[in-house]
Structures are given as structure tokens and as C-alpha cells.
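*Asks:* Output the structure for:
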Amino acid sequence: MKPSTHPLEHELQMRYYGDDHPGIGGKLRTIPEDFVVDEIPKPFTGSGPYLICKVTRRSWEHQHAIHEIAKRLGISRKRIGWAGTKDRNAIATHYISLYKVDADAIRRLSLKDMTIEVAGSHQFGLSLGDLLGNQFTITIRDCEKEMMQSIPEIAETVRSGIPNYYGVQRFGAQKPITHRIGKAILLGDYQDAVMTYIGEAFPNEDAFVRDARAAFRETGDAKEALHALPVRLGFERAMLDHLTKNTGDYQGALTQLPKTLGSMFVSAWQSYIFNAALSDRFDRGFAPGEPEPGDRLIFGNKRSDIATEQNLPTARQHIRRQRAEVAAFLPGGTGIQNPGPMETYMISLSREHGITEDSFKRASQFLKTAFDGALRSISLNTDIHSVLEENTVILTFTLPPGQYATSVCREFMKGDPLSLV
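*Replies:* The predicted structure follows:
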């Protein structure tokens, strides 16, 4: 395990690489075509009230793309479902479900840098996780040529298993603070959540926007901030407009955001403590494929077991042959039975911050989303196909839902995490 030297990765608890070789450096997403992601859908039923469409977009932020499609169709965005969010600075192809929308209405749509094709019908609306995986073709440019000889060895490490961290973009590609907003919501401190969302500046924002955010954080003057922030910051302005009409109603201001965005804040806190528990595991000397007593073992046929001192040799063999993997349950509103070492760490860390099961239950009622926790593998492994061209490398690989392509890229690059987003 190689420690990261980047402060932002330490802040987000991504403190290790699985691979020990020096990084190849380089730049990701010089142009959107450098990051191509194609969603692999589950089969559709072929009939039902939901129209399934294939969306291919270039440099569209996911929420804004959904908002614009709903707006053009004249429908509530609540009638649109999707299986997974995709990167903004990319060529992204994914599927959406639209409740009782006519196919001809889709064919009449025309949006810049976005195509929408009717793909069929489905009995159910799509929801997060309703996909088989994603296929990636990623181009890393301006690599350090003398370091590129390590690419086959790094690819072998990724095939064997690397830390299954939540990537930087999970916490906000331009401003990684979503876990802090989630923590504030879990604590019921809605004012802090709003102040963090609106008042924290992006590193590369225009000076007048940074000044407006700083002024709002200092004075709380929603009317002045609404006047100063540009129209393109629609979510901030929606909250400020609410505060202008309902002074001090920060809880109501948060409800002006899309429901999925609100739930992503709380999920980001779960992601943060998972990353922290994973790094703690590496601090204690355990590699991604090394089980310890109390770990949950998940097998390919969905069978599960608990690692013990007695079965550790057998568990290691199953993991080495990729028959089983170690997974940890993210804490939520439902108690964890027989918590293992990582789950115990996550529960303890949350309690240090004043967050308990009741916090998740309260957030569930507020955001109308269940936060029951989820099981996540601690290791990511995939076969990598690489093509080298001068100081450029093209990586092709497939990942299951919930795993981050940037977690793969950072193992090769080992550079500034902001160069990944």
C-alpha cells in the first residue's frame, strides 16, 4: 500500500493507493471525449407505462440534464427516473425512464450536445442501482513517458484488487463538500447545511461569485445574495428565493433542491465514513484482499459468512481465487447485527460527530428517502486493456454499479486528485 501525498485525498479519507509503483502523471478529461462511459442496462420488460430512452450527452451535469429534459417535455422531473448518475465532463450514455410520456414527444426534442433515443418500454421506473454496470474508455494525456513502463504492473494490481474508495466526485467534483452538508442534515442543523452549500466558494469560481458567497456566509442576507449570484446557479438561487420569502426557514430552503440531490448529501456522509474505515484498515496493515476476524465475506452466489481466526486460511484462498470478497455495511437508520471491525469503526466515528441511527431516521423523514445502510465491497478489481500512444494511454475496462472509474485512474496517475474530475 502506498500512502497518498495529496491533502485533499487525506481530507476525503482516500489515504492510500493499492499499487506501489510511481504514478504516470498526466491529465484526465482534456476534452470530454477523453472520458467515455456507456451504461450497461438490465433487460427491460418490453411493455408497461414507462418509456425507456437512451441519452447520450456531452458535458452536461446530470441533474441539470434531467431538469432540462423535464422542462422541454413540460412534465415534472419526478416522472423521470435513472439508474445511475454520470460524470459531467464526459461523453456519457445512459438510460432514463419517463412515466406515461409519448414516444413522439421524445423524437421532437432537440437539445444542444444531447441526443435522446427511444429504447423501449418498461413495467417499472428506473431507480439508482438498476443497471448491470458501466463500460469506460478513458484517455490520459501528457503522461511522464519514463514512468509509462509501469502500466502493465499497475494494471495487474488493479486486476488483483485496489481500495474501493468513493471517488472525489462523490463529494462534489468542483467543491468536495457534500459530506459536510450531509453531516449537517443528519445533525438537524439545516442552517449550517444551507450556509455550506451556498456560502462555500468553488476554487475556480469567478471573483464576484466568490465574494457573493462569502458575503452570504458572513451576513446571511438572502436578498442581497439572490441579487448577486448569476442565473446559472439555479439551486442556490432557489434556496435564496425561499429564504427571501420565508426568513430563517433553512429547512424549507433545503426542500427547494431536487429530492435526489438532498439524499445524495446524506449518502456522501456514509461514503466519507466508509473511506475513513477503509484507510484505518490499511493503517493497521491489512491489504484489500486480506481478511481479518469479524469481516463479512460475500460469495458470488450471494452467500455470506463471517471471518474467524479458524477459517482465515480458507477465507484468504477464496478471496485470492475471487470466489469471495470482504464487504462492510454502511451504517444507517437500521442497526447492524454483529458489526465487524470496519462497521465498528464507522459507528464509532459517526458517534464522535453526534450522529446515531436516530439521525438517519430523522433525515429519512425529512428527505423522504430511506437510509437503511448498504453493503459495499472493500476491494475493486477489473481487467484493464491499455493502448499506449507516445505520452498518452487509453484504458478500457468495465465496473459494476457503485464503483468509480477515477479510483482506477488514480492508481495509474497518482497525481493531483482535481486532475481526475
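
*Asks:* how close does the closest residue to F136 other than its chain neighbours sit to E200?
*Replies:* Excluding its sequence neighbours, the residue lying closest to F136 (CB to CB, 6 or more residues apart in numbering) is A405, at 4.7 Å. For the C-beta atoms, the positions are set from N, CA and C on the backbone; glycine is no exception. Remark: distance between A405 and E200 (CB to CB, to the nearest Å) = 26 Å.

*Asks:* Comparing these two, which residue is more hemmed in?
*Replies:* A405 (26 against 16; other CB atoms under 10 Å).

*Asks:* For that one, give me its contacts.
*Replies:* By CB atoms under 8 Å, 6 or more residues apart in numbering, the contact set of A405 is F35, V37, N134, F136, I138, G167, F397, L399.

*Asks:* Give me the distance between the fifth one and S379.
*Replies:* To S379, I138 is 20 Å away according to CB to CB.

*Asks:* likewise the fourth one?
*Replies:* In this structure, F136 and S379 are 18 Å apart, going by CB to CB.

*Asks:* repeat for the second one
*Replies:* Here the criterion is CB to CB. By it, V37 lies 21 Å from S379.

*Asks:* burial count for P313?
*Replies:* 8.

*Asks:* try the one 4 residues further on
*Replies:* When neighbours are defined as other CB under 10 Å, Q317 has 11 of them.

*Asks:* Go ahead and confirm S279 touches R15.
*Replies:* Yes - S279 is in contact with R15 according to CB atoms under 8 Å; the separation is 4.2 Å.

*Asks:* All the helices of the stretch 151-300 of the chain, residue numbers only.
*Replies:* Assigned by DSSP state H, counting those that start in this stretch, the helices in the stretch 151-300 of the chain fall at 151-160, 178-186, 190-199, 207-219, 222-228, 234-245, 250-254, 259-283.

*Asks:* Any chance of these in a markdown table with mean pLDDT, mean neighbour count and distance to S59 as columns?
*Replies:* A markdown table is the format used below for the helices of the stretch 151-300 of the chain (pLDDT from 0 to 100; neighbours: other CB atoms under 10 Å; distance: least, CB to CB, whole Å):
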| stretch | mean pLDDT | mean neighbour count | distance to S59 |
| --- | --- | --- | --- |
| helix 151-160 | 95 | 17 | 27 |
| helix 178-186 | 96 | 24 | 21 |
| helix 190-199 | 96 | 21 | 23 |
| helix 207-219 | 93 | 15 | 20 |
| helix 222-228 | 95 | 17 | 26 |
| helix 234-245 | 95 | 18 | 17 |
| helix 250-254 | 96 | 19 | 28 |
| helix 259-283 | 94 | 22 | 19 |
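
*Asks:* Among the ones you listed, which comes closest to A92?
*Replies:* Closest to A92 of the helices of the stretch 151-300 of the chain, according to CB to CB: helix 259-283, at 16.5 Å.

*Asks:* what ranges of this structure fall below the confidence cut-off?
*Replies:* Regions of the chain meeting the criterion pLDDT under 70 cover residues 173.

*Asks:* Just give me the residue closest to the centre of it.
*Replies:* Closest to where the C-alpha atoms of the chain average out (CA atoms, centre = their mean) is R170, at 3.3 Å.

*Asks:* For that one, which non-adjacent residue is spatially closest?
*Replies:* Leaving aside its sequence neighbours, R170 sits nearest to S271 (CB to CB, 6+ apart; 5.1 Å).

*Asks:* who touches the one you found in this structure?
*Replies:* Y166, R170, F171, H179, L330.

*Asks:* Of all pairs in the residues you listed, which one is the farthest apart?
*Replies:* The most widely separated members of the contacts of S271 are F171 and L330, with 15.1 Å between them, by CB to CB.

*Asks:* Between these two, tell me which one has more neighbours.
*Replies:* F171 (25 against 21).

*Asks:* can I assume the more buried one is in contact with I181?
*Replies:* No - F171 is beyond contact range of I181, at 9.8 Å (criterion: CB under 8 Å).
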